[in-house]
Structures are given as structure tokens and as C-alpha cells.
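In: show me the folded form of this:
(one chain, ligands or ions: 2)
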Amino acid sequence: MTSTEDVKEKRIVVLISGSGTNLQALIDAQNGPLLPKTRIIRVISNRKAAYGLTRATSAGIATAYLALQPYLKTNPGKTREDYDEEIARLVLGTEDDQRPDLVVLAGWMHILGERFLSVLEGKASGSSSSSSSPNTPIPVINLHPALPGAFDGANAIERAYAAFQEGSVTKTGCMVHHVIKDVDRGAPIIVREIPFEPGEALEEFEKRLHAVEWEIVVLAASSVLFNKDQSQTS
Ligand SMILES: Nc1nc2c(c(=O)[nH]1)N[C@@H](CN(C=O)c1ccc(C(=O)N[C@@H](CCC(=O)O)C(=O)O)cc1)CN2
Ligand SMILES: NCC(=O)N[C@@H]1O[C@H](COP(=O)([O-])[O-])[C@@H](O)[C@H]1O
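Out: Ligands and ions are numbered 1, 2, ... in the order given. This is a model prediction of the structure:
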């Protein structure tokens, strides 16, 4: 029987661009019933002012910042794809004990290209370390505030709310899905439907939606890390 001491710690890297309330939900869930022996080892942001960086630092989690435009400016000749590969390197770290078991995009507002995905899928080497498991794919999941195939891309909440105002939808939702090249089209892991309420202000609706996000981002991480089926779609 494996004792708890023998169970290898699970490592998560979280990518953010903003306030980090979903990062905070993951921080608070570390070593709890859904994420036992699990640690967020690094938080990476593409926005220097992201409050999520403050949350990470307050929680004693290492942080890194790298934004596309400053990267291109300080590296003449480099491309967006080079940036994506640099982000992959930041995700992998330089040593084996820095290699994550899961990457969570929690409000990460940059579309990641093939070069990033290839490194994380183990099809290309992005780490400078002689990792003992360079080709093991690392799952990448994304939190998106819409239902599968409904409002892909940025500003999904506002677009869904406007569609409700026009009478073209009665509900929206949020989901966590696997990340593939096609934005927001990866296989859903957890989906939650959230009906609109007539007369409800956008700000009030957003509060309801975010509260559901904080729940599913932890459930999805648990599902992927521990192969548990948390996929109650509702
Ligand atoms: N290859 C993938 N990359 C990303 C995915 C994905 O599913 N596949 N999900 C997004 C997250 N996201 C929606 O969930 C999303 C974020 C940002 C954008 C977008 O248009 N970004 C612009 C820049 C916008 C800005 O800087 O404000 C861009 O990248 O040029 C669309 C969807 C994360 N990445
Ligand atoms: N297309 C991606 C997208 O819109 N992601 C959204 O960014 C917010 C991040 O909040 P947070 O910074 O407070 O965690 C969340 O609402 C998440 O669904």
C-alpha cells in the first residue's frame, strides 16, 4: 500500500493576465480534499500590473512576467512564435523538480501558438534541462466564461449578456477545457450552464458566473491531476 509519504507531489503552473481570483481559488485549494499533495510552483503573467502576481507572492509562489510587445522590442528579429516558445520555457522551468504536472490558463489573455503547444505536448524540447521525462505531454487547461462553441475568444461574458438582451440566448455558462490550437475548442472537462435573470445587471450576473468559475477551476484541476470524473455538466 502506498503511504502518503510515497505519493509524489503534484505540481501546477498557472498563467494569468489579471486579478487572479481563479488563481486564488487554486491557491486556497492546495493540499485540500480536491488537490491533495498539490502545489502551485509558479505563476506567469503577461501583464506586469496583474494583481494575480501579488496574490502569488503573498502565497509564497514564484512568479515570472513576460509580455509580448516588450519581448519583441527587446529582441529584434524575434517573433510571436519565439515568444510563445519562451513562455513554454518559463512553464517548464530549468530543473526536473520545476516541471509541472498541469498547466492552468486562468484568465491568460494570449492565444498560444503551435510552438508552445508542441513543447508542452513533448514534441519539441523547450527546456534547457536534461529532463528525465522530456517527452511526457503536460496537460494544459483553460477556464473560459462561456459554453462550448458559444462565445469563443475574449469578452465572452459581455457578448453573451448582449445576446441575452437581444433575446437570442437565455443562458450562458463557463467551462474548463483542454487547450488546443483552435481557441476555446479543446475538449471540455467541466461545463456549467448559468441562466440569465431578466433585469439582472451585468455586474450582478458576473458575480454569479465568477463564483461558479472558482469552483470548476479547482474541480477541473483535480479531475486532470487525479483522473477523477468531475464532469457533471449542468
Ligand atoms: N491555443 C490556445 N491559446 C489560448 C486558448 C486556447 O483555447 N487555445 N485560450 C485562451 C483564453 N481565451 C479564452 O478563453 C482567450 C484569451 C485571449 C484571446 C485574444 O484574443 N487574445 C489576443 C490579445 C488580447 C489582449 O491582449 O487583450 C491575442 O492573443 O492576440 C482570445 C481567447 C488563451 N490562449
Ligand atoms: N477568454 C479567457 C477569459 O476570458 N478568461 C476569463 O478571465 C477571467 C479571469 O479572472 P481572474 O483573473 O479573476 O481569475 C475569468 O472570468 C476567466 O473566465
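In: ok, which stretches of the chain are helices?
Out: With DSSP state H as the definition, the chain shows helices at residue ranges 21-29, 51-58, 68-74, 80-92, 114-120, 156-165, 202-226.
In: quick one: name the residues of this structure near ligand 2.
Out: Of all the residues in the chain, those in contact range of ligand 2 (CB under 6 Å from any ligand atom) are 16, 18-23, 52, 106-107, 143-145, 154, 156, 210, 213. Every C-beta, even on glycine, is put in place using the N, C-alpha and C of the backbone.
In: give me that answer again for 8 Å
Out: By the rule CB under 8 Å from any ligand atom, the part of the chain lying against ligand 2 is 16-25, 50-52, 105-109, 142-145, 153-157, 174, 183-184, 206, 209-210, 213, 217.
In: what about ligand 1: which of those residues touch it?
Out: The subset of these within reach of ligand 1, by CB under 8 Å from any ligand atom, is 17, 105, 107-109, 142-145, 153-154, 156, 183-184.
In: please indicate which of those are buried?
Out: Taking 16 or more other CB atoms under 10 Å as the criterion, what is buried in these is S17, L105, G107, W108, N142, L143, H144, P145, A156, D184.
In: contact partners for L117?
Out: Applying CB atoms under 8 Å, 6 or more residues apart in numbering to L117 gives the contacts V140, V179, I180, K181.
In: out of those, which touch ligand 1?
Out: When CB under 8 Å from any ligand atom is taken as the criterion, the members of the contacts of L117 that contact ligand 1 are V179, I180, K181.
In: filter those residues down to the buried ones and hand me the PyMOL line.
Out: Selection command for PyMOL covering only the buried members of the ones next to ligand 1 among the contacts of L117, criterion 16+ other CB under 10 Å:
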select buried, resi 179
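In: many thanks, I have nothing further to ask.
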